[in-house]
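1. okay, here's the prediction I keep looking at, along with the sequence it came from:
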Amino acid sequence: MHLQTNGVVMKFKGLTALDGVDIDISKGEIVGLIGPNGSGKTTLLNVISGVFVPNSGRFRMGDREWSSVSLREAACLGIRRTFQNIRLFPSFTVLETVEVAAAWLDRGDRRENALRALDELNFRQHCGRIASELSYGMQRRLEIARAIAGKLEFLLIDEPTAGLNHAESQELVEVIQAIRERRGCGIVLIDHDLHVIMNVCDRVIVLAEGKVIACGTPQEVRRDPLVINAYLGS
């Protein structure tokens with residue numbers, strides 16, 4: 001199964017954030033999404049996941065096609081996401097945080113789905129802790145656990161290693177790879193750490209000024225003159 005966008009345009013008060021974006025993500029692959037600040041990376045995740053309604057364009061996943069979708073509808077389709085800025089309920093326990101996400105889908109046993117997600121991130125032992133009292137790195141992992149509770153076809157992850165040290169980043173990368181292996185889901189990963197992108201991703205898509213300027217293996221993208229000029233530098 002594939003998750004595809006075709007001709008997606010997103011404008012904000014005259015500013016074109018996405019300008020006819022076409023991407024194609026397969027289940028089972030990890031695709032990096034990189035580009036300069038303001039290139040449209042997070043906006044693309046937002047229109048795919050239903051946070052924003054695009055001005056035009058189409059989306060397709062399997063035999064489903066749509067022009068816009070709500071955040072909940074996208075989640076029920078199995079399109080789940082994390083955010084660049086961590087968004088947790090500060091007074092909820094770890095288990096309650098993940099259970100709320102599982103219950104929102106109205107599918108399966110919410111406790112069972114929540115515990116499965118926590119197990120995948122080796123987090124069950126922290127079930128009773130208050131989310132806001134966790135370290136920053138642990139909150140990052142909790143947000144991913146919340147995102148994978150229940151049906152998961154494609155996982156969109158925005159800046160998961162931001163603010164983490166090298167060891168924490170490496171541990172989170174291993175968690176992301178394990179989710180792909182266990183669930184067989186497709187993953188779209190935004191991260192400014194190019195070492196992470198180039199070493200974990202099967203393919204890399206590069207955005208600049210709201211347009212796709214390159215797509216290929218990490219090695220191909222690293223050598224692309226347009227990418228070097230727009231983003232990587234000499």
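-> Yep, it's here.
2. okay, and the beta partners of Ile34?
-> Beta-bridge pairing of Ile34 under DSSP bridges involves Val206.
3. can you give me the buried ones in the longest helix seen in the chain?
-> Identified as the longest helix of the chain according to DSSP state H is helix 166-183. For helix 166-183, a neighbour-count test (16 or more other Cβ atoms under 10 Å) marks Glu168, Ser169, Leu172, Val173, Val175, Ile176, Ile179, Arg180, Arg183 as buried. Heads up, the C-betas are built off the backbone N, CA and C, glycines and all.
4. so which of those residues comes closest to Ile157?
-> Nearest to Ile157, judged by Cβ to Cβ, of the buried residues of helix 166-183 is Ile176 at 6.8 Å.
5. my guess is the closest one meets Val200, correct?
-> Yes: applying Cβ atoms under 8 Å, one finds Ile176 in contact with Val200, separated by 7.0 Å.
6. just give me the neighbour total for Ser49.
-> The local packing of Ser49 (other Cβ atoms under 10 Å) involves 24 other residues.
7. ok, now how distant is it from Thr43?
-> As defined by Cβ to Cβ, to the nearest Å, Ser49 lies at a distance of 11 Å from Thr43.
8. cool, and Leu18?
-> Taking Cβ to Cβ as the measure, Leu18 falls 6 Å from Thr43.
9. between these two, which one's more packed in?
-> Set side by side, Leu18 and Thr43 show more neighbours around Leu18, with 28 against 21, by other Cβ under 10 Å.
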